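Trainee: make a model of this:
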Amino acid sequence: MKEFKYDISIIVPVYNNEKYIDQCVESVLNQKFDIGRIQLIMIDDGSHDKSFEVMKKYERDNIITITKENSGVSSTRNLGMSKALGKYILFLDSDDYLSHNTCRNLFNLFEKHYDEMDLVTYPIVYGRKVPHVRYDNMYYNGTGVYDLEVDYNLIQATVNVMVKNNFEDNVLFAVDQNFSEDERFDTENLMKKKKIGFCNEATYYYRRHTGTANDTIINPYYSFETITSYYEYLFNKFEENGKVPKYVQALYVNNISWRIRKDVLYPYHLPKKEYDKAYKRVINLMKKLDTEVILSLPYMNIFHQIYVMKLQGKKYSSLCSLCLFNSLEKVFSLF
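Mentor: Sure thing, here's the model as predicted:
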């Protein structure tokens, strides 16, 4: 039976990132946390550049380097988890880096609230000076544990997270899912206790690139089937007594919000017969959304909220009154 040898295992999948690896690793080595209590696992996923050579120079007892044939980031992270001997697991991509206080503060928060939660998140900065808008509520309310049955619009969709290491019982990344695999991993961890930890005193610095999966996901030609099947899977897995948890609903509302904004909600490329079937699948998911959840997403356009509820079959005049009341309520809450 495996035993914990470290406090934290940091898993770094690597693919053709030779020029960024040093900054990534140095951000780990310079943590305000005893480096001997950290296990760093770097896995080269079949790179064509000199990534593995750069990784190897850091190898020591608590820094493992592995190289393998290319199989994708999900299977690479899963391999890392199988090697993890830390009490907690933290994920870091090889072109990103951490603030110096990340490990210490995430660890301390988890130790304080171990039995309350299974996942802690922290601000992610996308090449800017402020965290992503998704963290606004937690950012201003501060470090702590949040109840997702109450604060259900606290969306966690990326791997700026620390989770418990349950060894053979760990939630794994879906290797057959090309988009939103991070969100799925987070959700399956969060729905165990329906609580999320947030640490305001840590930062994940994310490096944006062009021509990546983040660009491809916008195009429904590539992503419609994967994304729609994923939310059908989530709704079916967590639905109880005909009711989908509000947090899971909020994930879908968040997704359709930006897809409506970019006009990529529907697979317009399909022939009419197939398009009609796809359209019905979207509507069937929308019909399981509560009005309260649709109106609660703070950054969703009011006209998009009306559009979604109209597709659910609600009357237009009633929708306008409802959305107007909701908007005024938000304004008055500021005073």
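
Trainee: now do the SS call for Tyr299.
Mentor: coil (DSSP: H, G, I helix; E, B strand; the rest coil).

Trainee: and it, how far from Gln31?
Mentor: 33 Å (C-beta to C-beta, to the nearest Å). Glycine gets a C-beta too; all of them are placed from N, C-alpha and C.

Trainee: neighbour-wise, which of these two wins?
Mentor: Neighbours were counted for Tyr299 and for Gln31 using other C-beta atoms under 10 Å; Gln31 has more, 20 against 12.

Trainee: isn't the more buried one up against Cys103?
Mentor: Yes - counting by C-beta atoms under 8 Å, Gln31 touches Cys103, with 4.6 Å between them.

Trainee: next, the contact list for the closest residue to Cys199 other than its chain neighbours, please.
Mentor: In this structure, Cys199 finds its nearest non-sequential neighbour in Tyr122, 4.5 Å apart by C-beta to C-beta, 6 or more residues apart in numbering. Counting by C-beta atoms under 8 Å, 6 or more residues apart in numbering, Tyr122 touches Thr102, Asn105, Leu106, Asn160, Val161, Phe198, Cys199, Asn200, Ala202, Thr203, Tyr204.

Trainee: and Asn62, how many residues sit next to it?
Mentor: Neighbours around Asn62, by other C-beta under 10 Å: 17.

Trainee: pull the contacting residues for it.
Mentor: Tyr6, Ile35, Gly36, Ile38, Gln39, Leu40.

Trainee: and what of Tyr6?
Mentor: Contacts of Tyr6 by C-beta under 8 Å, 6+ apart are Arg37, Ile38, Gln39, Asn62, Leu85, Gly86, Lys87.

Trainee: beta-bridge partners for the third one, please?
Mentor: Just to be clear, that refers to Gln39. Gln39 has these beta-bridge partners by DSSP bridges: Ser9.

Trainee: related to what we said a few turns ago, out of the contacts of Tyr6, what pair is the most spread apart?
Mentor: Within these, Asn62 and Lys87 form the most distant pair, 14.0 Å apart (C-beta to C-beta).

Trainee: hang on, the earlier thing: ChimeraX command for the buried members of the contacts of Tyr6?
Mentor: Command for ChimeraX that selects the buried part of the contacts of Tyr6, burial taken from 16 or more other C-beta atoms under 10 Å:
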select :37,38,39,62,85,86,87
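
Trainee: from the contacts of Tyr6, which single one is nearest Asp276?
Mentor: Taking C-beta to C-beta as the measure, Asp276 lies nearest Gly86 of those, at 50.0 Å.

Trainee: for that closest one, what are phi and psi?
Mentor: Main-chain dihedrals, Gly86, degrees, to the nearest 10: phi -90, psi 160.

Trainee: I figured it hits Ile11, correct?
Mentor: No - in this structure Gly86 lies outside contact range of Ile11 using C-beta under 8 Å: 9.6 Å.

Trainee: what residues are up against Ile10?
Mentor: Val28, Ile38, Gln39, Leu40, Ile41, Gly86, Ile89, Leu90, Phe91, Leu92, Cys103.

Trainee: assumed Cys103 was part of a helix.
Mentor: Yes - counting by three-state DSSP, Cys103 is found in a helix.

Trainee: how near is it to Lys195?
Mentor: 21 Å.

Trainee: now the longest helix seen in the chain: buried residues?
Mentor: Using DSSP state H to define each element, the chain has its longest helix at helix 220-238. Buried residues in helix 220-238, counted by 16+ other C-beta under 10 Å: Pro220, Tyr222, Ser223, Phe224, Ile227, Thr228, Tyr230, Tyr231, Leu234, Phe235, Phe238.

Trainee: one more: stretch 255-262?
Mentor: Those would be Asn255, Ile256, Ser257, Arg259, Ile260, for stretch 255-262 by 16+ other C-beta under 10 Å.

Trainee: mean confidence score for that stretch?
Mentor: On average, the pLDDT along stretch 255-262 is 92.

Trainee: what comes into contact with that stretch?
Mentor: Taking C-beta under 8 Å, 6+ apart as the rule, stretch 255-262 contacts 180, 218, 227, 231, 265, 282, 286, 297, 299-301, 304, 307-308.

Trainee: can you do 10 Å?
Mentor: Residues outside stretch 255-262 that contact it (C-beta atoms under 10 Å, 6 or more residues apart in numbering) are 155, 157, 180, 183, 217-220, 223-224, 227-228, 230-231, 264-266, 282, 285-286, 289, 294, 297, 299-301, 303-305, 307-308, 311.

Trainee: so how do I select the buried members of those residues in ChimeraX?
Mentor: One line in ChimeraX is enough to select the buried ones among those; burial here means 16+ other C-beta under 10 Å:
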select :155,157,180,183,217,220,223,224,227,228,230,231,264,265,282,285,286,289,294,297,300,304,305,307,308
